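how would this look folded up:
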Amino acid sequence: MTWSTYVRQQIKVVRAIIGLSQGLGIETAAEGIEEDRQLERLKRLGCDLGQGYLFGRPMPASDVANYLASPGRPRG
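Here you go, the predicted model:
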């Protein structure tokens with residue numbers, strides 16, 4: 001299987017999962033978003049929520065409030 005075929009199959013799976021969640025009236029959350037292009041594609045496909053290194057690295061709970069208040073943090 002070529003890389004492009006693999007990517008196309010992944011997109012079909014993601015599209016199907018988002019369609020199923022929309023049909024059931026529930027929000028969809030994507031994990032592992034690391035690049036802007038992944039975020040943009042998921043938005044175009046109708047994904048509601050996301051998490052991953054694009055938004056922030058793992059951190060102690062005591063640091064979360066300061067991180068959320070920081071003006072330079074990535075936003076989806």
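
please count neighbours and contacts with C-alpha atoms only from this point.
Fine.

and the helices in the protein?
Shown for the chain, the helices assigned by DSSP state H span residues 3-24, 36-45, 61-69.

any buried residues in the longest one, and which?
Read that as helix 3-24. 14, 18-19 (16 or more other CA atoms under 10 Å).

name the nearest of those relative to Glu27.
Nearest to Glu27 among these is Ile18, at 8.5 Å by CA to CA.

how near is Asp36 to Lys43?
To Lys43, Asp36 is 11 Å away according to CA to CA, to the nearest Å.

please apply the same query to Ala16.
Distance of Ala16 to Lys43, given as CA to CA: 14 Å.

which non-adjacent residue is nearest the residue most central in space within the chain?
Among the residues of the chain, the one closest to the centroid is Gly50, at 3.4 Å (CA atoms, centre = their mean). Counting by CA to CA, 6 or more residues apart in numbering, Gly50 lies nearest to Ala30, which is 4.6 Å off, once chain neighbours are set aside.

and the one you found, how many residues sit next to it?
Number of residues near Ala30 (other CA atoms under 10 Å) recorded here: 16.

how about the one 4 residues further on?
As a burial measure, the neighbour count of Glu34 was computed by other CA under 10 Å and equals 14.

contacting residues around the residue nearest to Gln51 when sequence neighbours are not counted?
Closest residue to Gln51 apart from its sequence neighbours, by CA to CA, 6+ apart: Glu31 at 5.1 Å. Applying CA atoms under 8 Å, 6 or more residues apart in numbering, we find Glu31 in contact with 50-52.

so how far is Ser62 from Glu31?
The value you get for Glu31 to Ser62, if CA to CA is used, is 23 Å.

over to Ser21?
For Ser21, the distance to Ser62 equals 33 Å [CA to CA].
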